[in-house]
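Peer 1: Provide a 3D model corresponding to the input given below.
(chains A and B)
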Protein chains: 2
Amino acid sequence: MGSIAATAHEARLLCRQNRLTNTAGIAPGYLQANLLVLPARYAADFHDLCLRNPVSCPLLGMTAVPGDPHTIQPTRCIQSTDFDIRTDFPRYRVYRSGTYIGSCEDLRDSWSPEHVGFLIGCSFSFEDALVAAGLSPRHHKTGSIVAMYRSKIPLLPAGIFTDAQCIVSMRPYRPEQIDRVREVTRPFLSTHGEPVAWGWEGAKQLGIFDIEKPDFGQPQLFEEGEIPVFWACGVTPQMAVEAAGNRVDGLVFAHEPGHMLLTDWTVDDLQHLKPGIVSGHRQ
Amino acid sequence: MGSIAATAHEARLLCRQNRLTNTAGIAPGYLQANLLVLPARYAADFHDLCLRNPVSCPLLGMTAVPGDPHTIQPTRCIQSTDFDIRTDFPRYRVYRSGTYIGSCEDLRDSWSPEHVGFLIGCSFSFEDALVAAGLSPRHHKTGSIVAMYRSKIPLLPAGIFTDAQCIVSMRPYRPEQIDRVREVTRPFLSTHGEPVAWGWEGAKQLGIFDIEKPDFGQPQLFEEGEIPVFWACGVTPQMAVEAAGNRVDGLVFAHEPGHMLLTDWTVDDLQHLKPGIVSGHRQ
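Peer 2: You can find the predicted model right below:
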């Protein structure tokens, strides 16, 4: 407990006080979460969207009661009673009718009794595993932001959430590293898991023809013989909201990219965090 | 209990005795399941494939122990102790190294101590709901086999299961019926759920340019002004096995299309049959 934010709870308190601006590398071993907050009338459709697209939108938890910012289910996700989804992310994005209208440090003034919050798995989790396996993502070494692209993979529609595509992040690796990269990230089913495509042919199949021009983040430096490896990306839910446009009435909130929530889920919990009927059904 | 096969268990016994050849309309209200049986060494990869692609491969249950054909988990799926996955489907398909080599009435001779069986949701479940809503699928009225197509939607890879696409089934409806058709099938998350695409533009986005030439099943008659509506299809897991080719060594079994298993899941169970972390996590 000596270091700053050794635990997820300590990190959340620092974020609440806006003393942390970027959560990369904070409280290692704890899963970080992306955020989407919607009016309750859209919550069922968004929940279905997550269940139908668990690789792009892996659900880690959600607020238990509309308007209550303090309680997350399952409770294992946020164990501390001292929690506030309106403040415990370092920074938030605000959308109206599917359009980004600005960012802010907390949601105290804009949160309403109608709002429901969803916590979604984040790629930071499997990146730690890649680093530990000696397969550090390039953007870690260069200090850049990971490259992200709009793919042709449709986000399977759910209710009002239609006409969206999956966003993918890209990390360069050598062809002989692909098997190991897939193995290391495979167990992280609830935080995007193994790659969705790889290689230059894979890029074409995703509809990505200019690797130098990502739609989000920064271009990544390729070393001799490296090929692109693509993972599902947590930006996708925000794109689903933008695609829904004015079918989403009222204020929607998301995390600011790079500014995630530290959850109390640990890497050890991942084995229990598998979506799906068999592992999930209550017998 | 007066009619033939009023319950799922009665229907399974008739299938075991090969007195039922097609399970369409049998034991209404009970969910029917597609089958895939693999050597245990591929079971983890296939399980991941289902969890990553729950709309195409919705997992209803699986054999609890390799080689044991009698016990399915979750036990609610098959409650009767009098169950045998090797005989209780009316008909089976056999694959070697990803290639179809023939069909048979039971797996008594070919089942091995290494085999693991997966039960996967079937579109018959939501078709009953469409009929009840006055939206009977065209192939019900014409007595044809639903049209199925290879789509461009990639099946998100898991382990040895790569390079496969989602198969979609198609039912024609009028544009003004689409909202209702989506609503009626939406709750069936564990049996493919709502459509993945609709309309002629939707067909193009799936890579389907000649609706008269399905890859499986039969072309469907379009009435004036109708458009195609596409759902994920239970043939997809078999296509994943074919795509894996000789990465899958040994015998693989599947159900013969149209020849499903009657499970003890009922439509009333569907609310508990949602994949995903929040609804599924054991708290």
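Peer 1: switch to C-alpha atoms for all contacts and neighbour counts from now on
Peer 2: Fine.
Peer 1: wait, doesn't A:Ile111 sit right on A:Asp84?
Peer 2: For residue A:111 the amino acid is Trp, not Ile. No - contact between A:Trp111 and A:Asp84 fails when scored by CA atoms under 8 Å: they sit 11.2 Å apart.
Peer 1: what helix or strand does whatever residue of the stretch 51-200 of chain A ends up closest to chain B sit in?
Peer 2: Closest approach between the stretch 51-200 of chain A and chain B, counting by CA to the nearest CA: A:Leu51, at 5.1 Å. Here A:Leu51 sits within helix A:43-52, counting by DSSP states H and E.
Peer 1: same question for that helix: list its buried residues.
Peer 2: In terms of neighbour count (16 or more other CA atoms under 10 Å in any protein chain shown), helix A:43-52 has its buried residues at A:43, A:45-52.
Peer 1: near chain B, anything from the helix or strand that it is followed by?
Peer 2: Of the helices and strands lying after helix A:43-52 in sequence (DSSP H and E), the nearest is strand A:59-63. Yes - Strand A:59-63 is in contact with chain B by CA under 8 Å from any CA of the partner chain, via A:59-62.
Peer 1: between the residues you listed, which sits nearest B:Gln32?
Peer 2: Nearest to B:Gln32 among those: A:Leu59, at 27.5 Å, using CA to CA.
Peer 1: surely the closest one and A:Leu49 touch.
Peer 2: No - if you go by CA under 8 Å, A:Leu59 and A:Leu49 don't touch, sitting 10.0 Å apart.
Peer 1: what's near enough to touch A:Val196?
Peer 2: When contacts are counted by CA atoms under 8 Å, 6 or more residues apart in numbering or on different chains, A:Val196 touches A:230-232, B:156-157.
Peer 1: chain B contacts on the stretch 1-150 of chain A?
Peer 2: Neighbours of chain B within the stretch 1-150 of chain A, by CA under 8 Å from any CA: A:48, A:50-55, A:58-62, A:73-76.
Peer 1: okay, the residue of chain A positioned farthest from its centre and chain B: tell me how far apart.
Peer 2: Relative to the centre of chain A, and counting by CA atoms, centre = their mean, the farthest-placed residue is A:Glu224 at 30.3 Å. Using CA to the nearest CA, to the nearest Å, one gets 26 Å for the distance from A:Glu224 to chain B.
Peer 1: what about the helices in the stretch 151-283 of chain A?
Peer 2: A:178-185, A:199-205, A:236-244, A:277-280 (DSSP state H, counting those that start in this stretch).
Peer 1: which strands and helices lie in contact with the first one?
Peer 2: Applying 3 or more CA pairs under 8 Å, 6 or more residues apart in numbering or on different chains; DSSP states H and E, one finds that helix A:178-185 contacts helix A:124-132.
Peer 1: likewise for the longest one?
Peer 2: Packed against helix A:236-244, as judged by 3+ CA pairs under 8 Å, 6+ apart, are the following elements: strand A:165-173.
Peer 1: and the angle from the strand it packs on to helix A:236-244?
Peer 2: Orientation of strand A:165-173 against helix A:236-244 (axes from the mean of the first three to the mean of the last three CA atoms, to 10 degrees) gives an angle of 150 degrees.
Peer 1: what about strand A:165-173 and chain B, any contact?
Peer 2: No - using CA under 8 Å from any CA, we find that strand A:165-173 stays clear of chain B, coming within 11.1 Å at best.
Peer 1: returning to what we had before: and the residue of the stretch 51-200 of chain A closest to chain B, what pLDDT?
Peer 2: A:Leu51 is assigned 93 on the pLDDT scale.
Peer 1: kindly report the same for A:Gly276.
Peer 2: As predicted, A:Gly276 sits at a pLDDT of 44.
Peer 1: and if you look at A:Phe124?
Peer 2: In this prediction A:Phe124 is given a pLDDT of 85.
Peer 1: check contacts around it.
Peer 2: Contact analysis of A:Phe124 by CA under 8 Å, 6+ apart lists A:24, A:31-32.
Peer 1: please apply the same query to A:Arg96.
Peer 2: With contact set as CA under 8 Å, 6+ apart, A:Arg96 has these partners: A:248-252.
Peer 1: what's the distance between A:Cys50 and A:Ile167?
Peer 2: From A:Cys50 across to A:Ile167, the span is 14 Å (CA to CA, to the nearest Å).
Peer 1: swap that for A:Gly250, please
Peer 2: Distance of A:Gly250 to A:Ile167, computed by CA to CA: 24 Å.
Peer 1: just want to know which of those two has more residues nearby.
Peer 2: Between A:Gly250 and A:Ile167, counted using other CA atoms under 10 Å in any protein chain shown, the more crowded position is A:Ile167 (28 against 13).
Peer 1: any idea what that one is bridged to?
Peer 2: Judged by DSSP bridges, the bridge partners of A:Ile167 are A:Arg150.
Peer 1: shouldn't it be in contact with A:Met148?
Peer 2: Yes - between A:Ile167 and A:Met148 there is a contact under CA under 8 Å: 6.7 Å.
Peer 1: which neighbours do the two share?
Peer 2: Here A:Ile167 and A:Met148 have A:Cys233 as joint contacts, going by CA under 8 Å, 6+ apart.
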